[in-house]
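*Asks:* no FASTA, just this:
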């Protein structure tokens, strides 16, 4: 047998034994967590309360600050340590009243949601004929026909990163050719006559034009009329505006480590939402799942070696100032941040985690994932970055994102339909279990997760 084969066998034997060691050490703990959540309604009821009693929680709103007050109070009642709100200045965009009417070829009120960051129309609104395109390239080809018109981007949803470009850059490119307003077909894959909001990029063109989202159904209808050679005339009214930045807070709470309290495993989500619906899947569910994961570990009497820190970031939706502030406030601690785990893709059936870190760390994560097989959440993929943990990853902290069955996520994303009734009890509790098991094992195992 060659030296290479001997080394190969030794390495693989070590990996196998390490995996067996994690299973044998933590299998009973994982089973206890899963079993405890079979009939546990604490997280589910808290999510219901957060959604129903505070509603949508856009940065700068009273709804958001009242919800943060409640969370801090309840975390203290749970007996968590170092519960606090860390102040963050956040942008404050106010939607105001808005409406959209089709005037020609017939009269009808259409559903509309201004895109976050848009300017208002003039007081009486904007009346204009529509030009319809399905890409930026198509707009370039008809640029001489755009001046004085309303541009509608009727772009079917493919995936979020591709389609969101029209929400983000649409008004700047339309304004470059003289458009008076821009509309987008909502960024989502559900046909339920529901417009989707979201944030846009900063205005770059000299002229700032209003920017709003309409339903996929209305976008397709207008496109059909336009392709027949008929005129479509709309009247758009928006009162949207920015006001002076306001104070908000990141929420922090800990279950202190028994041996290495200075070493921290972060898990959380973002407490803000858009100003429509209840932000149930985006991202109240992720916040409450992380919170409940830690309180359940405490209730079961587990004492992890390292500290578990729940972080509920503010202002993810339209500025990401919360995550940047957390990085800055805790910069001196980042060497001791073992991993940061985020849930911001909805709380549907969990499938596993995305991971961004070293190869040696990923091997350990793969071993831990075997414990999640009973709930079907044992698939580990290569991408763990998400908005609120990306600043930590930029500083070398390994990061993980909870991956779920997202086939319905963009039905509700940034809409009035993102409400508590869309959350399934069993799927939500399995999300709690996945986060609790993963976070607990990383926080408790003898070996520090390598960078």
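*Replies:* Cool, got the structure. Not measured: the values here are computed from a predicted model.

*Asks:* CA only for contacts and neighbour counts going forward, please
*Replies:* Fine.

*Asks:* touching, residue 133 and residue 153? I think so.
*Replies:* Yes. With contacts counted by C-alpha atoms under 8 Å, residue 133 reaches residue 153, the gap being 5.2 Å.

*Asks:* between these two, who's got more neighbours?
*Replies:* residue 153 (26 against 20; other C-alpha atoms under 10 Å).

*Asks:* wasn't residue 253 part of a strand?
*Replies:* Yes. Counting by DSSP: H, G, I helix; E, B strand; the rest coil, one finds residue 253 located in a strand.

*Asks:* right, and it touches residue 81 too?
*Replies:* Yes. Using C-alpha under 8 Å, residue 253 is in contact with residue 81, at 5.9 Å.

*Asks:* what about stretch 360-378, distance to the chain center?
*Replies:* Counting by C-alpha atoms, centre = their mean, to the nearest Å, stretch 360-378 is centred 23 Å from the centre of its parent chain.

*Asks:* who has more neighbours, residue 253 and residue 81?
*Replies:* residue 253 (23 against 14).

*Asks:* list the contacts of the nearest residue to that one once chain neighbours are set aside.
*Replies:* Leaving aside its sequence neighbours, residue 253 sits nearest to residue 83 (C-alpha to C-alpha, 6 or more residues apart in numbering; 4.3 Å). Shown in contact with residue 83 (C-alpha atoms under 8 Å, 6 or more residues apart in numbering): 72, 75-76, 251-254.

*Asks:* name every strand pairing with the host helix or strand of residue 83 and say which way it goes.
*Replies:* Using DSSP states H and E, residue 83 sits in strand 81-94. Paired strands of strand 81-94, with direction, are strand 241-255 (antiparallel) (DSSP bridges).

*Asks:* which helix or which strand is home to residue 148?
*Replies:* Short version, using DSSP H and E: residue 148 is in no helix or strand.

*Asks:* what about residue 157, which SS state?
*Replies:* coil.

*Asks:* and the pLDDT for it?
*Replies:* Confidence at residue 157, expressed as pLDDT, is 97.

*Asks:* for residue 190, same thing?
*Replies:* pLDDT, residue 190: 83.

*Asks:* and for the one 4 residues further on?
*Replies:* Predicted confidence (pLDDT) for residue 194: 95.

*Asks:* that one contacts residue 218, doesn't it?
*Replies:* No. Distance between residue 194 and residue 218: 9.8 Å, which falls outside the contact criterion (C-alpha under 8 Å).

*Asks:* these two - which one has more neighbours?
*Replies:* Remark: of residue 194 and residue 218, residue 194 carries more neighbours, 24 against 19, as counted by other C-alpha under 10 Å.

*Asks:* hmm, back to that, need the contacts of residue 83 in a markdown table with distance to residue 224 and pLDDT, can you?
*Replies:* Listed next are the contacts of residue 83 as a markdown table, based on distance: C-alpha to C-alpha, whole Å; pLDDT from 0 to 100:
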| residue | distance to residue 224 | pLDDT |
| --- | --- | --- |
| 72 | 51 | 98 |
| 75 | 53 | 98 |
| 76 | 57 | 98 |
| 251 | 48 | 98 |
| 252 | 51 | 98 |
| 253 | 53 | 98 |
| 254 | 56 | 98 |
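
*Asks:* which of the residues you listed are buried?
*Replies:* 72, 75, 251-254 (16 or more other C-alpha atoms under 10 Å).

*Asks:* closest to residue 283 among these?
*Replies:* residue 251 (14.1 Å; C-alpha to C-alpha).

*Asks:* may I have the phi/psi pair for the residue nearest to the spatial centre of the chain?
*Replies:* Closest to where the C-alpha atoms of the chain average out (C-alpha atoms, centre = their mean) is residue 344, at 3.5 Å. When read as degrees, to the nearest 10, the backbone of residue 344 gives phi -150, psi 40.

*Asks:* ok, it touching residue 402?
*Replies:* Yes. Contact criterion C-alpha under 8 Å: residue 344 and residue 402 qualify, at 7.5 Å.

*Asks:* give the closest residue to residue 155 in space, chain neighbours not counted.
*Replies:* Using C-alpha to C-alpha, 6+ apart, the closest residue to residue 155 is residue 134 (4.9 Å).
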